[in-house]
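**Q** Turn this into a model:
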Amino acid sequence: MPGGSSGGSAAAVAMGAVPVAIGTDTGGSIRQPASFCGLVGFKPTYGAVSRYGLMAMGSSFDQAGPLTTTVSDAEIVHSVMEGVDEMDSTTIVADTYPDVPLKEKYTFGVPRDFLGEGVDADVMEIFEKNIETLKASGHLVVDIDLPLFEKGLAAYYVSIPAEVSSNLARYDGMRYGLSVDGEALLDVYEKSRAAGFGAEVKRRILIGTYVLSAGYYDAFYGKAEASRELMRQELAAVFTKVDAVLVPTAPTPAFTFGAQADPVSMYKQDIFTVPVNLTGVPAISVPAGTVERDGILLPVGVQYIAPHGGDARLFDIGKKVYDSTL
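**A** Next up, the predicted model:
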């Protein structure tokens, strides 16, 4: 598997078909494929890049970003993409970002309690080796606490289906997308959506409609959205002590097609990436090593998370820890 949902973009770069590609990151959809395919994947600060022209999945989550073979290339592509767009009211003027200075040496925070069960032993070994490399290069690595990040996966899979349900309601066979003829208007709706949406999309629409319903809105969606603000506050407090947070990008290397068929196992692949989208901060995944499985070397990535508006800091970190080794 090249990862999802920007796995096609990642595969195209990894095979050498194109020098760079663009993906969209809703809960890790750039960073996880980057990890699986041995690439650099960058998810910008929310609002740094226009969403105009994207097919909206989660309007408060989605950000477009590059998949490349070097951090320098990712920085170049992002510099072209970023900026205010009058067609997207969520884009932010760069001058309004908080000051996130670049440094010669950085302090990285590792949320040890967050790296619990479910992380592949080989992935953790590569992660620990990267920590030792950072220390040897003069950077400081400290343990931090991010207890709410462990709740991120649950919050994400309430909030994102709700936004999917809302955004995809426009694809009714009449105005956008596929249209399948029917005897009446409702028949067109039903047939078009049945044929046009895949199983996972349908699953998210159903869950989203449920959590937005009158009897469950406050119990599920309201609490998930409240947790996002608490996570932002938790992260802001951590960034007063460290310059960036360091975690594995994905808990496992790439797996064979169909090996994780049940939805919950697939959702758990996002445990380290979804908190970034919930809070709107930027993150970058860079190649960290490889593991051997059945005679095949599979890439593993590590992820650096910076404060809101810290995109340039991530490029600086990435060039120091990855590009400098090429």
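**Q** And the strands in the stretch 51-200 of the chain?
**A** Along the stretch 51-200 of the chain, counting by DSSP state E, counting those that start in this stretch, strands occupy 63-68, 107-110, 140-143.
**Q** now those strands as CSV including mean neighbour count, distance to residue 156 and mean pLDDT?
**A** C-beta: built from backbone N, CA, C; applies to glycine. As requested, the strands of the stretch 51-200 of the chain are exported to CSV (neighbours: other Cβ atoms under 10 Å; distance: least, Cβ to Cβ, whole Å; pLDDT from 0 to 100):
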stretch, mean neighbour count, distance to residue 156, mean pLDDT
strand 63-68, 27, 15, 98
strand 107-110, 19, 21, 98
strand 140-143, 12, 25, 98
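**Q** Select, out of those strands, the one closest to residue 165.
**A** strand 63-68 (20.4 Å; Cβ to Cβ).
**Q** now residue 160, nearest residue through space, not along the chain?
**A** Distances taken as Cβ to Cβ, 6 or more residues apart in numbering place residue 58 nearest to residue 160, at 4.8 Å, with adjacent residues excluded.
**Q** Save the strands of the stretch 51-200 of the chain as TSV, and put in distance to residue 208 too.
**A** TSV is the format used below for the strands of the stretch 51-200 of the chain (distance: least, Cβ to Cβ, whole Å):
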stretch	distance to residue 208
strand 63-68	20
strand 107-110	33
strand 140-143	37
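**Q** Please identify which of those strands is closest to residue 247.
**A** In terms of Cβ to Cβ, the element of the strands of the stretch 51-200 of the chain nearest to residue 247 is strand 107-110, at 7.3 Å.
**Q** What would that closest one look like as PDB? C-alpha coordinates only.
**A** What follows is strand 107-110, C-alpha atoms only, in PDB (Å, rounded to 0.1, in the frame of the first residue of the first chain):
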ATOM      1  CA  THR A 107      14.700  21.600  21.400                       C
ATOM      2  CA  PHE A 108      12.500  18.700  20.500                       C
ATOM      3  CA  GLY A 109       9.700  17.300  22.700                       C
ATOM      4  CA  VAL A 110       8.800  13.600  22.600                       C
END
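**Q** Between the strands of the stretch 51-200 of the chain, which one is closest to residue 297.
**A** Smallest distance to residue 297 across the strands of the stretch 51-200 of the chain (Cβ to Cβ): 19.5 Å, for strand 63-68.
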